[in-house]
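K.L.:
Return atomic coordinates for the entry below.
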Amino acid sequence: MAYVLDDFMAKVVAKNAGELEFHQAVHEVVESVIPFIEENPKYEHGRILERVVEPERVLMFRVPWLDDTGDIQVNRGFRIEMNSAIGPYKGGLRFHPTVNLGILKFLAFEQVFKNSLTTLPMGGGKGGSDFDPKGKSDNEVMKFCQSFMLELSRHIGPNTDVPAGDIGVGGREIGFLFGMYKRIRNEFTGVLTGKDLNWGGSLIRPEATGYGTVYFAENMLNFKGDSIKGKTCVVSGSGNVAQYTIEKVNDLGGKCVTLSDSGGYIYDPEGIDAEKLAYVMHLKNVKRGRIKEYADKYGVEYFAGQRPWGVKCDVAFPSATQNEINEDKAKLLIANGCFVVAEGANMPSVPEAIEVYLKNKILYGPAKAANAGGVAVSGLEMSQNSLRLSWTREEVDERLFNIMKSIHETCVKYGKESDDYVNYVDGANIGGFVKIADSMLAQGVV
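P.N.:
Down below sits the predicted model:
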């Protein structure tokens with residue numbers, strides 16, 4: 001019996017009530033994959049779709065910790081171990097008040113396909129907590145991380161599940177988590193990625209998501225005989241991904257004119273050069289300040305409560321959070337000359353926005369392909385840990401560049417249409433699916 005998209009999604013929604021982000025992520029994938037399955041019925045017979053939307057394991061646990069006033073606080077911890085068909089579970093930990101089961105299942109599901117595309121042997125997972133590190137002292141963050149790892153440690157390991165950082169989990173948090181794991185397990189292993197260089201981290205890891213997104217955009221442009229050089233780019237967000245997106249765009253001769261945070265966005269028509277970017281990095285990474293301070297310092301416009309999608313540009317890099325571009329904003333982007341969108345954040349475009357991109361046949365790099373550079377270098381960090389060695393910055397960057405090129409080639413292979421337009425959504429979804437599905441079939445019904 002052939003799959004019917006609406007019927008399949010009705011079952012997913014019924015089993016995962018209220019998890020809207022997860023429903024959205026599954027719909028986007030199965031919409032691409034069902035026609036492919038109809039041409040390759042072995043996947044239907046193996047019920048791969050039914051299996052791939054079910055997590056292999058869902059962990060939820062309480063995290064009690066002592067704050068600086070001596071009061072006990074209680075948060076909720078999660079780990080979604082989604083799919084291990086091609087390697088140990090791999091995916092970040094997110095500490096943010098908005099974290100819930102549905103968001104983490106959406107991120108874990110996306111991670112499965114993203115990791116498959118990297119060519120590296122990594123399954124997919126995601127985890128985190130509704131704990132908010134903002135406004136907490138280092139001591140409070142340490143106490144929380146230690147309590148969180150006390151439970152998580154029994155479920156992870158270098159050959160089982162290898163978490164990394166994500167929103168709210170940077171070098172400080174990874175350090176506290178790793179220190180507790182080492183103490184509990186009495187072993188020094190590559191159980192976490194995003195570590196400090198002094199104790200097993202990889203060069204280029206902080207830069208990897210931003211660099212990789214730009215490399216993917218450059219590959220899309222190169223495929224059409226063009227490049228980023230001379231292009232005007234808009235970037236949302238002002239964290240790690242946005243910062244290194246700008247750095248790499250500058251390296252390749254483009255110009256970025258916007259940055260944003262939850263308060264609004266700045267528009268600098270002269271471009272955010274290396275000196276200005278250094279200021280942003282200090283502002284955001286050290287001072288924990290607001291992007292409005294950039295406008296005050298450099299005398300540029302600040303648009304409170306808005307995102308930068310009305311600014312004229314050639315290329316857009318949404319690098320903040322999920323669902324930040326709706327249908328109207330997508331239309332506005334294209335009306336203002338944008339013909340490339342490369343997603344640095346996870347699922348930043350709503351389905352209606354994606355329809356606008358595809359209808360107008362712009363170059364659209366979906367998150368699972370375009371921002372896979374971060375997890376790719378996490379995978380390279382795992383390799384270095386296993387080998388007990390460190391690669392140079394140049395070696396890691398070259399491997400990252402080649403991985404993003406390979407992801408682009410996979411998307412072209414599975415997404416090229418009869419008119420030579422490349423539907424990167426279909427290409428990424430089908431390309432990621434094939435590797436996972438073939439591995440699941442080979443391993444039997446487990």
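
K.L.:
List the buried residues in stretch 401-412.
P.N.:
The neighbour-count check on stretch 401-412 (16 or more other C-beta atoms under 10 Å) flags 401, 403-404, 407-408, 410-412 as buried. (Each C-beta comes from the backbone N, C-alpha and C, glycine too.)

K.L.:
Low-confidence stretches in this structure?
P.N.:
Residues of the chain meeting the criterion pLDDT under 70: 1.

K.L.:
how about the strands in this protein?
P.N.:
57-66, 72-83, 89-95, 124-129, 161-164, 232-235, 255-256, 258-261, 264-267, 301-304, 315-317, 340-342, 363-365 (DSSP state E).

K.L.:
on that earlier part again, a markdown table for the buried residues of stretch 401-412, including distance to Lys331?
P.N.:
Formatted as a markdown table, the buried residues of stretch 401-412 follow (distance: C-beta to C-beta, whole Å):
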| residue | distance to Lys331 |
| --- | --- |
| Phe401 | 33 |
| Ile403 | 33 |
| Met404 | 28 |
| Ile407 | 28 |
| His408 | 26 |
| Thr410 | 29 |
| Cys411 | 24 |
| Val412 | 26 |
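
K.L.:
So which of the residues you listed sit within helices?
P.N.:
Using DSSP state H, 401, 403-404, 407-408, 410-412 are the members of these that sit in helices.

K.L.:
show me the contacts for the most centrally placed residue in the chain.
P.N.:
The centre of the chain sits closest to Asn346, judged by C-alpha atoms, centre = their mean, with a distance of 4.6 Å. If you count contacts by C-beta atoms under 8 Å, 6 or more residues apart in numbering, Asn346 has them with 107, 110, 321-322, 367, 371.

K.L.:
and if you look at Met347?
P.N.:
Applying C-beta under 8 Å, 6+ apart, the residues near Met347 are 21, 24-25, 28, 106, 110, 322-323, 367.

K.L.:
How about Pro163?
P.N.:
With C-beta under 8 Å, 6+ apart, Pro163 has these contacts: 79, 91-93, 125, 127, 152, 156, 177, 191-193.

K.L.:
again with Gln111
P.N.:
Going by C-beta under 8 Å, 6+ apart, Gln111 touches 82, 90-91, 124-126, 375.

K.L.:
The residue nearest to Ile246 when sequence neighbours are not counted - how many residues pack around it?
P.N.:
Using C-beta to C-beta, 6 or more residues apart in numbering and skipping residues adjacent in sequence, the residue nearest Ile246 is Cys256, 4.5 Å away. Neighbourhood size, Cys256 [other C-beta atoms under 10 Å]: 26.

K.L.:
what pairs with Cys256 across the strands?
P.N.:
Beta-bridge pairing for Cys256 (DSSP bridges): Cys233.

K.L.:
wait, isn't it in contact with Asn250?
P.N.:
Yes - using C-beta atoms under 8 Å, Cys256 is in contact with Asn250, at 7.3 Å.

K.L.:
so what's in contact with those two at the same time?
P.N.:
Shared contacts of Cys256 and Asn250 (C-beta under 8 Å, 6+ apart): Ile272.

K.L.:
roughly how far apart are Gly200 and Gln384?
P.N.:
8 Å (C-beta to C-beta, to the nearest Å).

K.L.:
which residues are common contacts for those two?
P.N.:
Gly190.

K.L.:
Leaving out chain neighbours, which residue sits closest to Tyr89?
P.N.:
In this structure, Tyr89 finds its nearest non-sequential neighbour in Gly125, 3.4 Å apart by C-beta to C-beta, 6+ apart.

K.L.:
cool, Lys195 as well?
P.N.:
In space, Lys195 is closest to Gly201, 3.9 Å off (C-beta to C-beta, 6+ apart).

K.L.:
and this structure, what are its domains?
P.N.:
Listed domain ranges for the chain are 57-188, 208-365 (source: automatic domain parsing).

K.L.:
Any idea how far apart the tips of the last one sit?
P.N.:
When you say that, I think you mean domain 208-365. Domain 208-365 has an end-to-end distance of 16 Å (criterion: C-alpha to C-alpha, to the nearest Å).

K.L.:
Find out how far it is from the centre of the chain, if you would.
P.N.:
The chain centre lies 15 Å from the centre of domain 208-365; the measure is C-alpha atoms, centre = their mean, to the nearest Å.

K.L.:
again, but for the first one
P.N.:
Per C-alpha atoms, centre = their mean, the displacement of domain 57-188 from the mean C-alpha position of its chain is 15 Å.

K.L.:
start to end distance for it?
P.N.:
25 Å.

K.L.:
for the stretch 51-200 of the chain, what spans make up the helices?
P.N.:
With DSSP state H, counting those that start in this stretch as the criterion, the stretch 51-200 of the chain has helices at 101-117, 138-152, 171-185.

K.L.:
Check which helices and strands the last one sits against.
P.N.:
Here helix 171-185 touches strand 89-95, helix 138-152, going by 3 or more C-beta pairs under 8 Å, 6 or more residues apart in numbering; DSSP states H and E.

K.L.:
what's in contact with it?
P.N.:
Applying C-beta under 8 Å, 6+ apart, the external contacts of helix 171-185 come out as 93, 95, 133, 138, 141-142, 145-146, 148-150, 152-153, 156, 163-165, 188, 191-192, 194-196, 199.

K.L.:
angle of that helix against strand 89-95?
P.N.:
Interaxial angle of helix 171-185 relative to strand 89-95 (axes from the mean of the first three to the mean of the last three C-alpha atoms, to 10 degrees): 120 degrees.

K.L.:
Over to the second one?
P.N.:
Following the same axes, to 10 degrees, one obtains 140 degrees for the angle between helix 138-152 and strand 89-95.

K.L.:
Helix 138-152 - contacts with which helices or strands?
P.N.:
With contacts taken as 3+ C-beta pairs under 8 Å, 6+ apart, helix 138-152 sits against strand 57-66, strand 72-83, strand 124-129, helix 171-185.

K.L.:
and these, which is most packed in?
P.N.:
strand 124-129 (a mean of 30; mean count of other C-beta atoms under 10 Å).

K.L.:
What residue in this protein is the furthest from its centre?
P.N.:
Of all residues in the chain (C-alpha atoms, centre = their mean), Gly70 lies farthest out, 36.2 Å.
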